[in-house]
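[1] return atomic coordinates for the entry below.
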Amino acid sequence: MEPAADPTETTGPTTGEAGVIEWRVEPHGWTDQLTGTDGPRLWDRILSSETARVKRYHGPATIVLAELFGVDSFSAVWGADAAGRLFVQLARTLAVEVRSSDHIARLETSRFGILLIETDEIAAINFVERVRAACEQQPGELRVAMGWASPTGKSDLHDALATAEARLVAEIAEPGAEG
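    I've put the predicted structure just below:
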């Protein structure tokens, strides 16, 4: 069943001067209008239900965070429309690499969350490497940092989300990462 539309949501990406897509807009609501992926509200709902499933059935699940970086400098050179296309390009790349049971959501301006259902951390590392390789094959400036984690022991998906974020931040902070 499709969630009811939020009457406070806009109907599409906001535009600035001369109809330029403003990529800096924070995604909100059920669907991200720029990329067509799930939005943060739907991500929260899916994360809650998947947390309950993992707890009840003890099945694996992994959270992957992917963040485009260097978008501000790219936008300054190539413009906001080109920067907006980077988000769409990353969303498409992720969609090719996930299974139909997995979920992709644009969580923040430059950050995507991927919930890999029935996937342990070892299989998630393979997913991350496939995404990295696919991003390297894309034309242009698609630079992505990634963090991932699975619940362990008594932890849950919310704990895994925090671990994935810490790994993501550490990768962005590595020497040689521009952003």
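[2] pick out the residue nearest the middle of the protein.
    Against the mean C-alpha coordinate of the chain, by CA atoms, centre = their mean, the closest residue is F112 at 1.2 Å.
[3] list the contacts for that residue?
    Contact partners of F112, counting by CB atoms under 8 Å, 6 or more residues apart in numbering, are T37, L65, A66, E67, L90, A91, L94, I104, A105, R106. In short, each C-beta sits where N, CA and C put it, glycine included.
[4] okay, helices next: where are they in the protein?
    40-57, 71-78, 80-97, 121-137, 157-173 (DSSP state H).
[5] now render these as CSV, adding distance to A145, mean pLDDT and mean neighbour count.
    Below are the helices of the chain laid out as CSV (distance: least, CB to CB, whole Å; pLDDT from 0 to 100; neighbours: other CB atoms under 10 Å):
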stretch, distance to A145, mean pLDDT, mean neighbour count
helix 40-57, 19, 93, 15
helix 71-78, 12, 83, 15
helix 80-97, 11, 90, 19
helix 121-137, 10, 92, 15
helix 157-173, 4, 95, 17
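[6] do you know which of those lies nearest V144?
    helix 121-137 (5.1 Å; CB to CB).
[7] just how off-centre is that closest one within its chain?
    When C-alpha coordinates are averaged (CA atoms, centre = their mean, to the nearest Å), helix 121-137 and its chain have centres 14 Å apart.
[8] helix 80-97 and that helix, what's the angle between them?
    Between the axes of helix 121-137 and helix 80-97, defined by axes from the mean of the first three to the mean of the last three CA atoms, to 10 degrees, the angle is 140 degrees.
[9] which residue is the nearest non-sequential neighbour of L161?
    Excluding the flanking residues, the one nearest L161 by CB to CB, 6 or more residues apart in numbering is I63, at 5.2 Å.
[10] can you tell me how far the one you found sits from E121?
    In this structure, I63 and E121 are 10 Å apart, going by CB to CB, to the nearest Å.
[11] anything in contact with each of these two?
    Residues within reach of I63 and of E121 at once, by CB under 8 Å, 6+ apart, are W148, A149, S150.
[12] these two touch, right, the first one and A123?
    To tie it back to what came earlier, the one meant is W148. No. With contact defined as CB atoms under 8 Å, W148 does not count as touching A123 (10.4 Å).
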